[in-house]
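A.B. asks: pasting the structure only:
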């Protein structure tokens, strides 16, 4: 059902955890669909220096969260805002069709965290 | 750990049925020698099934699955008794084979009452009695729930049905082979069972139709099964089902006691080793199928737990939306008003004939670190701020 890449990111998720003094925090999803993703950012000179996630959800939810942190780290905020859920799924060699809608929210969580950072700045 | 989903074909069953694919390939409806030899085997199997549930062989009709049996029971009754009424009573925790058939019948003009359950998943029989009207033609209540293992008071429901002269159907797919199922004692008119839950192959089941019960056929065609179910007999499947029923009857007491001991060991082990675990189902283990345990591990989602189990070679199942194929968690957990997050984390362990104490101890060994790891990853665990209003509203809406 899941690709090897999904299973890899699910069983060895990268960047799990929280950042105590995060510059931006984003949370998406809700308990009723069974997926909640939370992303924590450290930003320096407009670049994502550190990123962590916490996710309540299925295999796809955890794998996409892990993948988006890998894709976002080192990127400028503008470049990170251009990351899409579809690109995250593609980087994982695809997700089962049923998961594309409900568990593929990691890029949204990242965008929320960036917006949260930007709001704090202004 | 997932025997309520299906079971392996038991060796004795396989041995009994194999000759009916090759040497005895005849069609039992044929007049010649090849058919005659096979017809006898079908009737022997019918006797074996009948003996297990204490009915006459003529009251058994072979079907292709438990779902077919439930469809037959509901639609066959609804059509046959349309002149008497259009009201059906069932529960909100039935298997989809019953629930979705009821929804179909609603579209055909029937009215269905879905009885609620309490937080332990049990029925209030006063609700049942109160729901009966002079238009009620059928009560359909499962014998044992597939998710929680809860056993419903079938004899008491049978007595209520008899008092009001309403036909009573029970989906006993999970109960047969695990608890004593006696159709006469229980006062049921229709009972459905399935082969693959008791060590027979997939694709075979049976329905008990009490003598004199007027039913419309679901499958029309030839004259098989006294015109009640057309289609060439699945002879090997029928022989296998017969053998499995014979074994189930002979071994029930011993098997139920063994499964119960192992299930209790698993239940106590999980509840004592892992904090914040909720038991889903009747707290009294005697009121549940002896092989079934359903628990929710707070803060973690069921599918991710099952995948971790799978990597350790353990098969279990979950009530999470991700494993049900829908966007909502288990309807059984929903009906029990289980918190939506806990519903997503509900996990069913169902033991079987081959389950050993070592298997149970292995689960108890690998489970705590998996739960700990997933909790550490969960934003709901050790959450510093309370849930947002939006999240609470979503939860309220689901209930």
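C.D. replies: Yep, it's here. Fair warning: this is a prediction, and the values are worked out from it, not measured in the lab.
A.B. asks: give me every residue that touches residue 88.
C.D. replies: Let's take chain A. A:64, A:67-68, A:71, A:104, A:106-107 (C-beta atoms under 8 Å, 6 or more residues apart in numbering or on different chains). Quick note: C-beta positions are derived from backbone N, CA and C, even for glycine.
A.B. asks: that was the other one, I meant chain B.
C.D. replies: Neighbours of residue B:88 in contact, by C-beta under 8 Å, 6+ apart: B:74, B:78, B:102, B:105, B:110-113, B:136-140.
A.B. asks: need the three-state assignment for it.
C.D. replies: For residue B:88, the assignment made with DSSP: H, G, I helix; E, B strand; the rest coil gives strand.
A.B. asks: partners of it in the sheet?
C.D. replies: Note on residue B:88: beta-bridge partners by DSSP bridges are residue B:112, residue B:138.
A.B. asks: distance of it relative to chain A?
C.D. replies: Between residue B:88 and chain A the distance is 30 Å, computed by C-beta to the nearest C-beta, to the nearest Å.
A.B. asks: export the contacts of residue A:88 to TSV and tack on pLDDT, secondary structure and distance to chain B?
C.D. replies: Formatted as TSV, the contacts of residue A:88 follow (pLDDT from 0 to 100; DSSP: H, G, I helix; E, B strand; the rest coil; distance: C-beta to the nearest C-beta, whole Å):
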residue	pLDDT	secondary structure	distance to chain B
A:64	95	helix	12
A:67	96	helix	14
A:68	96	helix	15
A:71	97	helix	19
A:104	83	coil	12
A:106	93	helix	13
A:107	94	helix	17
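A.B. asks: looking at those, which two lie furthest apart in space?
C.D. replies: Among the contacts of residue A:88, the pair separated by the greatest distance (C-beta to C-beta) is A:71 and A:104, at 13.4 Å.
A.B. asks: looking at these two, which is more packed in?
C.D. replies: residue A:104 (22 against 19; other C-beta atoms under 10 Å in any protein chain shown).
A.B. asks: what about residue 115, how many residues close to it?
C.D. replies: Reading this off chain A. With other C-beta under 10 Å as criterion, residue A:115 counts 14.
A.B. asks: actually it's chain B I care about, not the one you picked
C.D. replies: 20.
A.B. asks: right, and it touches residue B:89 too?
C.D. replies: Yes. Contact criterion C-beta atoms under 8 Å: residue B:115 and residue B:89 qualify, at 6.6 Å.
A.B. asks: what sits in contact with each of the two?
C.D. replies: In contact with both residue B:115 and residue B:89: B:128, B:131, using C-beta under 8 Å, 6+ apart.
A.B. asks: what packs against the lowest-mean-pLDDT helix or strand in chain A?
C.D. replies: Sorting the helices and strands of chain A by mean pLDDT, DSSP states H and E puts helix A:97-102 at the bottom, at a mean of 78. For helix A:97-102, the elements it packs on are helix B:321-324, judged by 3 or more C-beta pairs under 8 Å, 6 or more residues apart in numbering or on different chains; DSSP states H and E.
A.B. asks: all the helices of the stretch 51-200 of chain B, residue numbers only.
C.D. replies: B:66-80, B:96-107, B:125-131, B:154-163, B:183-186 (DSSP state H, counting those that start in this stretch).
A.B. asks: who wins for proximity to residue B:367 among these?
C.D. replies: That would be helix B:96-107 among the helices of the stretch 51-200 of chain B, by C-beta to C-beta, at 28.5 Å.
A.B. asks: so which bits of that closest one are buried?
C.D. replies: B:97-99, B:101-102, B:105 (16 or more other C-beta atoms under 10 Å in any protein chain shown).
A.B. asks: and chain A, which of these reach it?
C.D. replies: Restricting those to those touching chain A (C-beta under 8 Å from any C-beta of the partner chain) yields no residues.
A.B. asks: of the residues you listed, closest to chain A?
C.D. replies: Closest approach to chain A among these (C-beta to the nearest C-beta): residue B:99, at 20.2 Å.
A.B. asks: for that closest one, what are its contacts?
C.D. replies: B:90, B:114, B:331.
A.B. asks: low pLDDT regions in the chain?
C.D. replies: Using chain A here. For chain A, the stretches with pLDDT under 70 are A:102.
A.B. asks: I was thinking of chain B, sorry if that wasn't clear
C.D. replies: B:322-327, B:383-399.
A.B. asks: show me what the helix ranked longest in it is packed up against.
C.D. replies: Counting residues, the longest helix found in chain B (DSSP state H) is helix B:235-273. Here helix B:235-273 touches helix B:11-17, helix B:33-53, strand B:60-63, strand B:277-279, strand B:292-297, helix B:357-377, going by 3+ C-beta pairs under 8 Å, 6+ apart.
A.B. asks: tell me what angle that helix forms with helix B:33-53.
C.D. replies: Helix B:235-273 runs at 30 degrees relative to helix B:33-53, counting by axes from the mean of the first three to the mean of the last three C-alpha atoms, to 10 degrees.
A.B. asks: for chain B, what are the nearby residues on chain A?
C.D. replies: So far as C-beta under 8 Å from any C-beta goes, chain A lies against chain B at A:2, A:7, A:10-11, A:13, A:16, A:27, A:30-38, A:54-62, A:98-99, A:102-103.
A.B. asks: quick check: residue A:41 is in a strand.
C.D. replies: Yes. According to three-state DSSP, the state of residue A:41 is that of a strand.
A.B. asks: that one contacts residue A:25, doesn't it?
C.D. replies: Yes. Shown here, residue A:41 and residue A:25 form a contact pair, counting by C-beta under 8 Å, at 7.4 Å.
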